[in-house]
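Colleague: Got a sequence here, can you model it:
(one chain, ligands or ions: 1)
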Amino acid sequence: MSGLLLEVDGVSRQFVVRRSILGRPAAVLTAVDGVSFSLAAGQTLALVGESGSGKSTLGRLVLRLIDPTAGRIRFDGRDVTALKERELRPLRRNAQLIFQDPYASLNPRMTVGQILAEPLALHDVVPPPRRAERVNELLRMVGLEPRMIRRYPHEFSGGQRQRIAIARALAVEPKLIVCDEPVSALDVSIRAQVINLLRNLQQRLGLAYIFISHDLAVVKHIADRIAVMHLGRIVEIGPSQALFTNPRHPYTRALLSAIPVPDPGAKRERIILRGETPSALHPPAGCAFHTRCRFAVARCETEQPELVGGSHATACHHADELPPAANVVPHQGRMPQALARLVDAFRHRADRQGGAGVATVETTGGNGLSTARMP
Ligand code: SF4
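Modeller: Reported below is the predicted structural model:
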């Protein structure tokens with residue numbers, strides 16, 4: 001496949017969490033386990049899963065902020081797996097990271113102008129006489145005004161701080177940005193604005209994104225492809241549309257069923273996962289999802305399923321035999337006429353207000369997923 005920017009092949013990462021008195025590993029946590037995927041320039045791959053699924057670790061492995069235990073990573077045609085720190089300079093410039101909490105990632109003692117000028121000087125992106133002009137340009141690109149250049153991070157709102165973090169990532173003209181939960185710390189009304197900004201920048205600049213989120217409803221609006229992760233492994237990966245209309249893995253179906261619908265008359269089956277997420281320190285044998293899967297059979301307890309299926313791949317022994325997914329996808333039910341008119345009135349009001357476009361938000365209890373839905 002041509003035009004590939006990133007190729008991740010069988011990457012794993014283990015952490016020693018406890019050592020014996022002789023210094024030998026006594027407990028090892030496998031955060032990422034044999035993950036493979038590729039990403040083309042200008043495309044977005046979303047990594048989705050519950051807390052502890054390994055998605056943030058995978059994002060940092062791609063950036064070589066941590067070293068893989070096994071596997072290979074190719075970026076822009078070059079194997080970066082074993083490069084020494086001083087050899088990683090081109091990767092450091094071409095692949096950037098945006099954090100969940102923009103306030104924690106911005107130096108509170110630096111003005112916005114200094115924050116944006118720092119990477120320009122570090123990577124010598126533009127000559128010194130042009131740096132002030134470039135800083136102004138970066139601010140305009142993310143929807144902020146150059147007159148804000150002397151302000152400090154605490155003088156901005158959460159959404160504005162995330163815009164500054166995006167501008168700082170853009171300063172070095174990267175090809176890839178890893179966005180680690182970039183909107184989950186923001187107010188619901190601001191989330192869609194930041195996602196729209198990321199989409200617009202992608203179209204203008206040809207950026208590729210790895211968009212990490214626990215929220216399938218958010219990634220629906222930005223991802224070309226989605227990889228669902230569970231206990232360090234990808235259990236389903238495919239085009240965004242295919243994953244939403246035809247989810248094949250029982251875990252993906254459960255995540256999708258947790259997305260609230262704005263229509264109080266809509267009916268659908270909510271899949272409640274039984275039990276806790278197994279510990280990554282002691283993952284179950286066989287399919288790691290079998291302790292919570294309602295379709296599990298004896299084979300699932302002993303045999304780990306491979307990720308198979310081409311462009312829409314699934315790691316499930318019974319993916320082809322499961323009942324159709326239609327019963328987990330929201331469908332419209334009948335509601336009383338008066339209630340329908342009321343819902344319709346609010347829908348039109350939201351349309352007129354435009355802006356964020358976020359209709360509802362809900363925090364679910366069962367699986368700890370916080371979800372928002374956008375029209
Ligand atoms: Fe469920 Fe078995 Fe498929 Fe795992 S392999 S998701 S336990 S049916």
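
Colleague: When you work out contacts or count neighbours from here on, use the C-alpha atoms and nothing else.
Modeller: Noted.

Colleague: For F295, give me the backbone phi and psi.
Modeller: phi -100, psi 0 (degrees, to the nearest 10).

Colleague: And for it, the neighbour number?
Modeller: Using other CA atoms under 10 Å, F295 is surrounded by 12 other residues.

Colleague: same deal with I237?
Modeller: I237 is flanked by 31 other residues according to other CA under 10 Å.

Colleague: Can you tell me how far the residue of the stretch 1-150 of the chain found nearest the ligand is from S20?
Modeller: Nearest to the ligand, among the residues of the stretch 1-150 of the chain, is G49, at 14.4 Å (CA to the nearest ligand atom). As for G49, its distance to S20 is 32 Å (criterion: CA to CA, to the nearest Å).

Colleague: which of the two has more neighbours?
Modeller: G49 (26 against 9).

Colleague: Would you check that that one makes contact with M229?
Modeller: Yes. Look at G49 against M229 with CA atoms under 8 Å: they come within range, at 5.0 Å.

Colleague: Between those two, which contacts overlap?
Modeller: Shared contacts of G49 and M229 (CA atoms under 8 Å, 6 or more residues apart in numbering): K55.

Colleague: Next up, the contacts around the residue of the stretch 1-150 of the chain closest to the ligand.
Modeller: Under the criterion of CA under 8 Å, 6+ apart, the neighbours of G49 are K55, S213, H214, D215, V228, M229, H230.

Colleague: before we move on, what about V235?
Modeller: Counting by CA under 8 Å, 6+ apart, the residues that V235 touches are A227, V228, M229, H249, L307, T314, A315, C316.

Colleague: From L45, how far off is the closest residue to it other than its chain neighbours?
Modeller: In space, V235 comes closest to A315 once its chain neighbours are excluded; the distance is 4.8 Å by CA to CA, 6 or more residues apart in numbering. To L45, A315 is 18 Å away according to CA to CA.

Colleague: More neighbours: which of these two?
Modeller: L45 (26 against 20).

Colleague: just the residues of this structure that are near the ligand, which are they?
Modeller: 249-250, 287, 289-290, 293, 295-296, 300, 305, 316-318 (CA under 6 Å from any ligand atom).

Colleague: Could you export these as CSV, including secondary structure and pLDDT?
Modeller: Shown next, in CSV, are the residues of the chain next to the ligand (DSSP: H, G, I helix; E, B strand; the rest coil; pLDDT from 0 to 100):
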residue, secondary structure, pLDDT
H249, coil, 95
P250, helix, 94
C287, coil, 96
F289, coil, 94
H290, coil, 93
C293, coil, 92
F295, coil, 91
A296, coil, 92
C300, helix, 95
P305, coil, 96
C316, coil, 97
H317, coil, 95
H318, coil, 91
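
Colleague: Filter the residues you listed down to the buried ones.
Modeller: The neighbour-count test (16 or more other CA atoms under 10 Å) applied to those identifies H249, P250, C287, F289, H290, C293, A296, C300, P305, C316, H317, H318 as buried.

Colleague: What pLDDT does the model give D351?
Modeller: Looking at D351, its pLDDT is 42.

Colleague: swap in the one 4 residues further on?
Modeller: Here, the pLDDT recorded for G355 equals 35.

Colleague: what ranges do the helices span in this structure?
Modeller: 55-62, 89-94, 102-105, 112-122, 131-141, 158-170, 188-205, 216-219, 240-245, 250-257, 337-353 (DSSP state H).

Colleague: export these to TSV and tack on distance to F37?
Modeller: Supplementary listing: the helices of the chain in TSV, determined by distance: least, CA to CA, whole Å:
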stretch	distance to F37
helix 55-62	11
helix 89-94	18
helix 102-105	28
helix 112-122	29
helix 131-141	31
helix 158-170	23
helix 188-205	20
helix 216-219	17
helix 240-245	15
helix 250-257	18
helix 337-353	38
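
Colleague: Pull the contacting residues for the residue of the stretch 101-250 of the chain found nearest the ligand.
Modeller: Nearest residue of the stretch 101-250 of the chain to the ligand (CA to the nearest ligand atom) works out as P250 at 5.4 Å. With contacts defined as CA under 8 Å, 6+ apart, P250 is in contact with C293, F295.

Colleague: Swap in 6 Å and give it another go.
Modeller: P250 sits next to no residue when contact means CA atoms under 6 Å, 6 or more residues apart in numbering.

Colleague: Ok, L281 next?
Modeller: Per CA under 6 Å, 6+ apart, neighbours of L281: L29.

Colleague: what's the distance between it and the ligand?
Modeller: With distances taken as CA to the nearest ligand atom, to the nearest Å, L281 is found 19 Å from the ligand.

Colleague: Can you give me the separation between the closest residue to S184 other than its chain neighbours and A165?
Modeller: Among residues not flanking S184 along the chain, Q100 sits closest, at 6.7 Å (CA to CA, 6+ apart). Noted for Q100: a distance of 10 Å to A165, by CA to CA.

Colleague: and those two? which has more neighbours close in?
Modeller: Between Q100 and A165, counted using other CA under 10 Å, A165 has the larger neighbour count: 25 against 19.

Colleague: Low-confidence ranges, the stretch 251-375 of the chain, go.
Modeller: Applying pLDDT under 70 to the stretch 251-375 of the chain flags residues 260-270, 326-375.

Colleague: Check the offset of stretch 17-30 from the chain's centre.
Modeller: Chain-centre distance of stretch 17-30: 31 Å, with CA atoms, centre = their mean, to the nearest Å.
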